[in-house]
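[1] Sequence and computational prediction follow.
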Amino acid sequence: MASPNLPIKEIGETPLVQPGETFHTISDKVSRVTENPAPKGWWIMFLVAVTWTGIFGSAVSWLFWQGVGVWGNNSPVYWGWDITNFVWWIGIGHAGTLISAVLFIFRQKWRTSINRFSEAMTIFAVICALIFPGIHVGRAWVAYYMFPIPNQMSIWPNFKSPLIWDVFAVSTYFTVSLLFWFVGLIPDLATLRDRAKSSSIRQKVYGAFALGWRGANRHWQNYERSYLILAALSTPLVLSVHSVVSFDFATSLLPGWHTTIFPPYFVAGAVFSGFAMVMTLVLVARVAYGVRSIVMMKHLELMNKIMLVTGSLVGYAYAMEFFIAWYSGNEYEQFVFINRATGPYWWAYWTMITCNVVSPQLFWSKKLRTNIPLMFVISIVINVGMWFERFVIIATSLHRDFLPSSWGYFRPTVIDMCTYAGTLGVFFTLFLLFIRWIPMIAIAEVKGVLPEADPHHDGHDESHEGAHEPALAPGE
């Protein structure tokens, strides 16, 4: 009997895992990354990331000592790189939930090779994002006022403020994403536990986090039920979190911000930038750790197609902003958008258009969307463009207000730049530690898409042999 996991050749389907891979080879290939000594390239990248994390700590310490005056924020640009970076990092974290939860709900099996990357990226990006609401308030030591907890002055948060909505939306998103990530890890942590040497510290640590997993039928039933519930909880968050973040702007009366297109526009942009970051990370990891047979060209091409779709949606939103500004007849609204394209920040606006709208159109060509060097460059270009999008929305809407005498121009300071670059250091430090100690590919889920996973497939029983054999030391 043909396995349902076999590709249908008549309609041009290709395998999700390179033919020849078995349960044992997948376990071995992914687990060896955490078992073998870290390669020299990992150490170089880790030291660079830790250095920038240290610079971030120094920049934030100086900020706390001197105050927010060390940033380039001015009148009328009261929000500068701080909120720009916050919104950008939240957007980066969106692809994880989409790949893991939404594609799981729709039973898209191709997600299995990349979902662990995206889930980890989501958690680390949200950690970086959550830094900025805490440090941009000026008095960081009273940042706990944003939470509805007792304090010495009996002050409650202003629940009418979108900034408070951010706290609740992002913290909920982080909590659910962390649970979703950990639940998916449990079978793989058990695999690492079983491969570790008996009574070693490694076996004890992985065993503790594996929560006594033995692969019993009852364990799998509870696992799949929990995973489905968390996926169902995560799916609405894909839409809600960045919609709430967009309310920071959309609920104001400021021209350029006061628009109802922001929630869907922000969600599309978040998925767009999130997939681009996943692409950047996956392309490097699949080469560095030799997992091309698991993360195949099919996965990369499908991700490029999603970036093409979401990039086109973002381009449509840009066009609609200009159309609505004209159609509204509001001269202030019209001025803001003309000023974006032709004013002092014209270079930022056209960088945004080039990176976010023009560059993804190359993916209409199959030859180009299967070109690995090109997709790596475009994935970086897209995230540059998405950062500029947030900067354009904030700076160009603020720097020229209703009174020409109050017009200004935002210029970032060295502290602004070090704070932003430092969060990149934090992100890559966490991501490199993740690759070093945790399976970067979901072993159990990838096995589930193999033809051998079907109990009616020929050789089903033989394929299980050796799947959890203890790792052998070199020379054994």
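    Cool, got the structure. Numbering: from 1, shown residues only.

[2] Count the neighbours of the closest residue to G134 other than its chain neighbours for me.
    Excluding the flanking residues, the one nearest G134 by CB to CB, 6 or more residues apart in numbering is A143, at 4.6 Å. In this view, the C-beta of every residue, glycine as well, is placed from N, C-alpha and C. The tally of other residues near A143 (other CB atoms under 10 Å) stands at 15.

[3] Quick check: pLDDT value at A143.
    What the model reports as pLDDT for A143 is 78.

[4] do the same with P7
    58.

[5] cool, the one 10 residues further on as well?
    According to the prediction, V17 has pLDDT 82.

[6] now do L302
    pLDDT at L302 comes out at 91.

[7] How many neighbouring residues does it have?
    Residues near L302, counting by other CB under 10 Å: 17.

[8] Please report how far W43 lies from F363.
    34 Å (CB to CB, to the nearest Å).

[9] sorry, back to before: my read is that the residue nearest to G134 contacts F132, right?
    No. Using CB atoms under 8 Å, A143 is not in contact with F132; the gap is 10.9 Å.

[10] Okay, now the unreliable bits of the stretch 201-350 of the chain?
    By pLDDT under 70, the stretch 201-350 of the chain contains no weakly predicted segment.

[11] In what element of secondary structure is L300 found?
    Element membership for L300 (DSSP states H and E) is helix 297-328.

[12] In three-state terms, how would the closest residue in space to V241 that isn't next to it in sequence be classified?
    Leaving aside its sequence neighbours, V241 sits nearest to Y173 (CB to CB, 6+ apart; 4.6 Å). Classification of Y173 using DSSP: H, G, I helix; E, B strand; the rest coil returns helix.

[13] ok, Y173 touching V238?
    No. Using CB under 8 Å, Y173 is not in contact with V238, being 9.1 Å away.

[14] Between the two, tell me which one has more neighbours.
    Y173 (26 against 21).

[15] so how far is T53 from that one?
    Taken as CB to CB, the span from Y173 to T53 is 23 Å.

[16] Tell me the confidence at the residue of the chain most remote from its centre?
    For the chain, the largest distance from the centre (CA atoms, centre = their mean) belongs to S405, which lies 41.0 Å off. S405 is assigned 81 on the pLDDT scale.

[17] again with A471
    45.

[18] now do K109
    Looking at K109, the pLDDT reads 86.

[19] my read: it touches V449, true?
    Yes. Contact criterion CB under 8 Å: K109 and V449 qualify, at 4.7 Å.

[20] returning to what we had before: residues shared between the contacts of Y173 and V238?
    T97 (CB atoms under 8 Å, 6 or more residues apart in numbering).

[21] Centroid-nearest residue for the chain?
    G93 (2.9 Å).

[22] Who are the contact partners of A442?
    Contacts of A442 (CB under 8 Å, 6+ apart): 112-113, 115-116, 184, 188.

[23] Quick one: buried ones out of these?
    Buried subset of the contacts of A442 (neighbour count, 16 or more other CB atoms under 10 Å): 112-113, 115-116, 184, 188.

[24] Filter those down to just the ones in strands.
    Among the buried ones among the contacts of A442, none falls in strands (DSSP state E).

[25] which among those gets closest to F262?
    Taking CB to CB as the measure, F262 sits nearest to N115 out of the buried ones among the contacts of A442, at 28.4 Å.

[26] Against P439, how distant is the closest one?
    12 Å.

[27] okay, and the common contacts of those two?
    With contacts defined as CB under 8 Å, 6+ apart, no residue is adjacent to both N115 and P439.

[28] how about low-confidence regions in the stretch 351-476 of the chain?
    454, 456-476.

[29] Which parts of it are helices?
    366-369, 372-398, 414-437, 443-448, 460-463 (DSSP state H, counting those that start in this stretch).

[30] Just the buried residues of the second one, please?
    To tie it back to what came earlier, the one meant is helix 372-398. Quick answer for helix 372-398 (16+ other CB under 10 Å): 374-376, 378-379, 381-398.

[31] can you check the third one too?
    Judged by neighbour count (16+ other CB under 10 Å), helix 414-437 contains these buried residues: 415-416, 418-420, 422-432, 434-435.

[32] Specify the angle between that helix and helix 372-398 in degrees.
    140 degrees (axes from the mean of the first three to the mean of the last three CA atoms, to 10 degrees).

[33] Does anything pack onto helix 414-437? Which helices or strands?
    helix 23-35, helix 40-66, helix 81-92, helix 115-135 (3 or more CB pairs under 8 Å, 6 or more residues apart in numbering; DSSP states H and E).

[34] how about the ones you listed, which one is nearest Y318?
    Of those, nearest to Y318 by CB to CB is helix 81-92, at 15.6 Å.

[35] Could you pull up the mean pLDDT of the following helix or strand past the closest one?
    On the C-terminal side of helix 81-92, the closest following helix or strand by DSSP H and E is helix 94-97. Mean pLDDT, computed over helix 94-97, is 78.

[36] got the CA positions of helix 94-97 in PDB?
    Output of helix 94-97 as PDB, limited to C-alpha atoms (Å, rounded to 0.1, in the frame of the first residue of the first chain):
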ATOM      1  CA  HIS A  94       5.700  36.700  14.000                       C
ATOM      2  CA  ALA A  95       6.900  34.000  11.500                       C
ATOM      3  CA  GLY A  96       7.400  31.500  14.400                       C
ATOM      4  CA  THR A  97       3.800  31.400  15.300                       C
END
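
[37] Mind giving me the packing neighbours of that helix?
    Applying 3+ CB pairs under 8 Å, 6+ apart, one finds that helix 94-97 makes contact with helix 115-135, helix 162-195, helix 217-250, helix 262-288.

[38] One more pass at 7 Å, please.
    Counting contacts by 3 or more CB pairs under 7 Å, 6 or more residues apart in numbering; DSSP states H and E, helix 94-97 packs against helix 115-135, helix 217-250, helix 262-288.

[39] and these as TSV, adding distance to M297?
    Conversion of these to TSV gives the following (distance: least, CB to CB, whole Å):
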stretch	distance to M297
helix 115-135	16
helix 217-250	26
helix 262-288	10
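
[40] what's the closest of the buried ones among the contacts of A442 to M320?
    If you rank these by distance to M320 using CB to CB, N115 comes first, at 32.3 Å.

[41] ok, the residue found closest to that closest one once you drop the neighbours it is linked to in the chain - contacts?
    Nearest residue to N115, sequence neighbours excluded (CB to CB, 6+ apart): S100, at 4.6 Å. Neighbouring residues of S100 by CB atoms under 7 Å, 6 or more residues apart in numbering: 115, 118-119, 180.
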